[in-house]
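Asks: Just need the structure, nothing else, for what follows:
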Amino acid sequence: MEIKDLNEDLINAIFTPDPEFEDDIGRVMFTTKHFFQYFLDQGMDLRDVYVPIMYMAMGRFFYESKDLEHAKQEVQRFLLEALSSEFDKRLENKEGNPFQADFFSLYISEGNKTFQ
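Replies: Below is the predicted model of the structure:
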């Protein structure tokens with residue numbers, strides 16, 4: 001696999017505060033999206049990118065949680081919400097809605113409400 005340099009936008013997003021982002025969540029989403037794209041540009045399979053990152057993120061989330069039962073319930077709630085959202089989007093697509101889902105088109109706000 002040929003290694004390419006990370007693009008300048010990604011490096012700036014990681015190391016330089018940018019007024020473009022309203023909060024840290026936007027910055028994290030932007031950076032993560034570019035990391036995914038970087039790996040995909042390297043020719044990696046989509047599953048080979050998403051699965052290890054999900055595993056690592058959940059592992060760190062549990063490690064940093066004081067109450068593992070609460071953390072487990074939170075992960076289960078996110079999983080159910082993500083699945084429900086994906087089922088709804090696929091149903092809309094099947095019915096002719098031109099919306100094409102993007103992994104980063106949804107953000108979770110406080111109160112676990114999703115918005116685009």
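Asks: what about the closest residue to Val49 other than its chain neighbours, distance to Lys33?
Replies: Excluding the flanking residues, the one nearest Val49 by Cβ to Cβ, 6 or more residues apart in numbering is Phe39, at 4.5 Å. Every residue, glycine included, has its C-beta placed from N, CA and C. As defined by Cβ to Cβ, to the nearest Å, Phe39 lies at a distance of 11 Å from Lys33.
Asks: For the protein, which segments count as helices?
Replies: In the chain, the helices defined using DSSP state H lie at 8-15, 24-41, 46-64, 68-94.
Asks: still on that earlier bit, how much space separates the residue nearest to Val49 from Phe61?
Replies: In terms of Cβ to Cβ, Phe39 sits 21 Å off from Phe61.
Asks: In terms of packing, which of these two has more residues around it?
Replies: Phe39 (17 against 14; other Cβ atoms under 10 Å).
Asks: Out of the helices and strands in the protein, which is least certain?
Replies: Lowest mean confidence among the helices and strands of the chain (mean pLDDT, DSSP states H and E): strand 114-115, at a mean of 47.
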